[in-house]
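structure, please.
(2 chains)
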Amino acid sequence: MRPTGYETNLFIAPELVGAAKYRFRFRFPPGVGRIRRLKMNELVIKAGKAERHYWADLWRFRELFFFLSWRDILVRYKQTVIGVLWAVLKPLLTMLVFTVVFGKLAKLPSEGMPYAVFVYVAMLPWQFFSSALAEASNSLIANANMISKIYFPRLVIPASAVIVCFVDFLISTVILAGLLAWYHVWPTGRMLWLPLFTALAFLASFGISLWLAALNVKYRDFRYIIPFIVQFGLYVSPVGFSSATVREKCGDLAGQLYALNPMVGVINAFRWALGSNAPFDPTALLLSVLVTLGLLFSGLKYFRATEKAFADII
Amino acid sequence: MDDFAIKVEGLGKKYLLQHQATGRRYTALRDVLTEKAKALFGGQKSATGNRKSVEEFWALKDVSFEIKPGEVMGIIGRNGAGKSTLLKLLSRITEPSTGEIRLRGRVASLLEVGTGFHPELTGRENIFLNGAVLGMHRAEIRSKFDEIVAFAEVEKFLDTPVKRYSSGMYVRLAFAVAAHLEPEILIVDEVLAVGDMDFQKKCIGKMESVTGQGGRTVLFVSHNMDMISKLCSKAILLNAGKVETAGDVEEVTRVYLTRTAPTGKFIPDRPGRCLRSVSIDEDALRQDKLIIKIGYCFSGNVITPTFGVVIFTEAGSPIFGSNTLYHPPAARPDNALEGEATVFFENLPLWPGRYKISVWLNDSWSPIDQEDNALTFEFMTAKTPLNAPAPKFIGPVHLPASWTIIRGETNL
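Have a look, this model is predicted:
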């Protein structure tokens, strides 16, 4: 039914004919096409087959990851009156309160550090951990639109949420330097371990975030649980007091079990690196590392398993 | 034989529909826990109790097709036919339940313009962000940045947060980024139906040049048949999750358009409507006369009943129409609460082809009832030669015209 050749007799503007159809019928010669296409990688999507290219894809989408983090950081500090100061004020004010309550009123021991430094050093990883949990667990829901409209490894979203909190963490570290100078605490060689401990804090935050983010998509009442977990965590982690206190009051076994909370190992390590006189407890740290790795791998596994259905249920 | 860009085999997507009394959309952990607790304490769940009935729903079933490299394929079908699901599967947003998809080449899908746009960020920042979301590399975006800005016509507002943009500017910027994607396979949902008329034209032009260049494979979903037949060479008609027809774009669109309205006579299905029937005289049609009869019945008091008809091209552009205010009838019977209105058009100035009729009924200018696409008719006339061009090439109107040709040099 399609007129062939007729339209060339009439004067017709090409855009009316659909230039696409008639103007370009050029094909590569068969050989050329074949070579080109053999080089081109073919993507096969099969029902029920796990993604084989998942990690390669994650690498391919690194720029998206970069841009998403960049967006979240920009947005976080745009249109806020004191901008970056927020990242500083929060741990600073909490430190003040904790110093007064635990240090001055309860007069708890501070492992030989000035109480303010003692609290702030713990506050750094804790604040990072808690804000990462809160932000990341909500991140998938907040980006629901992107998830239902575009393909990318969903892992990018909670990861970039954690990165934003990490930037906050780095900013508050600057204050720590000021605080150390103020109290004349001089850096020692132990400080060189800090990046490693920071990595541990990062992995712990990321592992739990993966769990919470995925669960939050599936069960919407998780968002009510998360603030509770964060609040609860502040009291069961040795932020305002020393973990040695727990051991003293509750016994050695309780002290070891206490280290099942991955933040216990991290906070102890941070304090140790900055001049605490408490003995270094390798078992507690090892336990924390194991728990962290367990959370991370199970989190990744659970996230990967539920990820495929995100677009359907979000 | 194995020369394809997209190959889909036995593709299916199953959703589980939960018929729950509460009609809640999300699962709450609370519910899961109570269910578990009930099962634990109450033994077996009572068969008649509040057990959720889960129903399988196949949004797509057994869909197979193949697209050659460089082909532009349209996907049409009614709402709920599975078009969006198909696009989501092809762009890997969801996983298929059965079957397999093979894609050769870099795929980009545009199911929406402006995905990932953030209102707080400036135009410049959003271009980079959206580009990354669509799978462009930073260097690629940078090299096309000026082109994108010029296309969107937002030079002056580049450093303004997009939340201050007018909706037109927003959409233009969003589309501009998308239009500069250069994948080997492009999957497009109805994103062209945005912006003002001028911009739409620009978008269609861009789409045409995109589909024309370098044998790019394009999959395109739209409700606009004009656009489909303009841009695509092949089409697939989906119906209830299955491929109904596939092939040449004209054939497939014809099947689709015929499906939407039967020819001859139309009777509305809903009770309580004022339009009772619409029919055309097929015999008169063969003599180039269009006679449309509208049966009606008013339920209440109508002061000035006004009837109108509009004739559309097959693709949905209006050509001409008439109503009893512009062309008043010679006489109006009193108390005509029920009856038939007839309109005559003589010497129909149309090329042969398929046309659609919409009918409306007003009280003066206030609408009472209307039926879009009430009828479709095929117009064949003895006056024009059989090899007449299709209306889509030269427009639907056939006006008498005369030509003279002279020999020798022209005066121009």
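
what's the burial count for residue B:146?
Neighbours of residue B:146 under the rule other C-beta atoms under 10 Å in any protein chain shown: 10. Every residue, glycine included, has its C-beta placed from N, CA and C.

would you mind naming what in the stretch 51-200 of chain B lies close to chain A?
B:69-70, B:72, B:88-89, B:91-105, B:107, B:109, B:111-112, B:115-116, B:118, B:120-121, B:125, B:128-129, B:132-135, B:137-138, B:184 (C-beta under 8 Å from any C-beta of the partner chain).

buried ones among those residues?
The neighbour-count test (16 or more other C-beta atoms under 10 Å in any protein chain shown) marks B:69-70, B:72, B:88-89, B:91-105, B:107, B:109, B:111-112, B:115-116, B:118, B:121, B:125, B:128-129, B:132-135, B:184 as buried among these.

can you pull the pLDDT of residue A:8?
With respect to pLDDT, residue A:8 scores 34.

err, residue B:143, not the other one
92.

how is chain B partitioned into domains?
Domain segmentation of chain B under automatic domain parsing yields B:60-260, B:265-385.

deepest-packed of those domains, please.
Most buried of the domains of chain B by mean neighbour count (mean count of other C-beta atoms under 10 Å in any protein chain shown) is domain B:60-260; its value is a mean of 19.

looking at the residues of the stretch 51-200 of chain B next to chain A, which are in strands?
Residues of these located in strands (DSSP state E): B:72, B:98-104, B:107, B:109.

need the residues you listed in JSON lines with pLDDT and distance to residue B:318, can you?
What follows is those, written out as JSON lines (pLDDT from 0 to 100; distance: C-beta to C-beta, whole Å):
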{"residue": "B:72", "pLDDT": "85", "distance to residue B:318": "27"}
{"residue": "B:98", "pLDDT": "90", "distance to residue B:318": "44"}
{"residue": "B:99", "pLDDT": "90", "distance to residue B:318": "42"}
{"residue": "B:100", "pLDDT": "89", "distance to residue B:318": "44"}
{"residue": "B:101", "pLDDT": "90", "distance to residue B:318": "40"}
{"residue": "B:102", "pLDDT": "89", "distance to residue B:318": "43"}
{"residue": "B:103", "pLDDT": "88", "distance to residue B:318": "40"}
{"residue": "B:104", "pLDDT": "86", "distance to residue B:318": "42"}
{"residue": "B:107", "pLDDT": "83", "distance to residue B:318": "38"}
{"residue": "B:109", "pLDDT": "82", "distance to residue B:318": "33"}
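
between these, which is nearest residue A:226?
residue B:109 (32.6 Å; C-beta to C-beta).

so the closest one touches residue B:6, yeah?
No. Between residue B:109 and residue B:6 there is no contact under C-beta atoms under 8 Å: 11.9 Å.

tell me the secondary structure for the residue in the stretch 301-412 of chain B positioned nearest to chain A?
Nearest residue of the stretch 301-412 of chain B to chain A, counting by C-beta to the nearest C-beta: residue B:393, 5.5 Å away. The three-state label for residue B:393, taken from DSSP: H, G, I helix; E, B strand; the rest coil, comes out as helix.

ok so, going back, overlap in contacts, residue B:109 and residue B:6.
Counting by C-beta atoms under 8 Å, 6 or more residues apart in numbering or on different chains, the contacts common to residue B:109 and residue B:6 are residue B:90.

quick one: the helices in the stretch 151-300 of chain A?
A:156-182, A:194-218, A:222-236, A:243-250, A:252-258, A:262-273, A:282-307 (DSSP state H, counting those that start in this stretch).

CSV please, covering the ones you listed and showing mean neighbour count and mean pLDDT.
Below are the helices of the stretch 151-300 of chain A laid out as CSV (neighbours: other C-beta atoms under 10 Å in any protein chain shown; pLDDT from 0 to 100):
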stretch, mean neighbour count, mean pLDDT
helix A:156-182, 19, 90
helix A:194-218, 22, 93
helix A:222-236, 14, 86
helix A:243-250, 16, 81
helix A:252-258, 14, 79
helix A:262-273, 26, 90
helix A:282-307, 17, 91
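
can you redo these as CSV with distance to chain B?
Formatted as CSV, those follow (distance: least, C-beta to the nearest C-beta, whole Å):
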stretch, distance to chain B
helix A:156-182, 10
helix A:194-218, 6
helix A:222-236, 7
helix A:243-250, 31
helix A:252-258, 27
helix A:262-273, 23
helix A:282-307, 10
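
looking at those, which is closest to residue B:166?
Residue B:166 sits nearest to helix A:156-182 of all the helices of the stretch 151-300 of chain A, at 29.8 Å, using C-beta to C-beta.

in a strand, residue B:309, correct?
Yes. Per three-state DSSP, residue B:309 lies within a strand segment.

relative to residue B:248, how far out is it?
According to C-beta to C-beta, to the nearest Å, residue B:309 and residue B:248 sit 32 Å apart.

check contacts around the most centrally placed residue in chain A.
Of all residues in chain A, the one closest to the mean position by C-alpha atoms, centre = their mean is residue A:162, 2.3 Å from it. Going by C-beta under 8 Å, 6+ apart, residue A:162 touches A:132, A:135-136, A:202, A:205-206, A:209.

just give the number of residues close to the nearest residue to residue A:274 once chain neighbours are set aside.
With C-beta to C-beta, 6 or more residues apart in numbering or on different chains as the measure, residue A:121 is the residue that lies nearest to residue A:274, at 5.1 Å, once sequence neighbours are left out. Using other C-beta under 10 Å, residue A:121 has 25 other residues around it.

go on, the one 10 residues further on?
Around residue A:131 sit 21 other residues, with neighbours defined as other C-beta under 10 Å.

helix or strand for it, which one?
helix A:115-142 (DSSP states H and E).

and the angle for that helix with helix A:194-218?
Put simply, helix A:115-142 runs at 40 degrees to helix A:194-218, going by axes from the mean of the first three to the mean of the last three C-alpha atoms, to 10 degrees.

which other helices and strands does helix A:115-142 contact?
Counting by 3 or more C-beta pairs under 8 Å, 6 or more residues apart in numbering or on different chains; DSSP states H and E, the packing neighbours recorded for helix A:115-142 are helix A:85-98, helix A:156-182, helix A:194-218, helix A:222-236, helix A:262-273.

contact partners for residue B:236?
So residue B:236 contacts B:65, B:73-76, B:243, B:245-246, B:252 (C-beta under 8 Å, 6+ apart).

which one is it nearest to, not counting chain neighbours?
Once flanking residues are discounted, residue B:236 sits nearest to residue B:246: 4.6 Å by C-beta to C-beta, 6+ apart.

wait, the one you found touches residue B:252, no?
Yes. Contact status for residue B:246 versus residue B:252: in contact at 6.8 Å, counting by C-beta under 8 Å.

quick check: neighbours shared by the two?
B:234-237.

could the residues you listed be laid out in TSV, adding secondary structure and pLDDT?
Below are the shared contacts of residue B:246 and residue B:252 laid out as TSV (DSSP: H, G, I helix; E, B strand; the rest coil; pLDDT from 0 to 100):
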residue	secondary structure	pLDDT
B:234	strand	89
B:235	strand	92
B:236	strand	92
B:237	strand	91
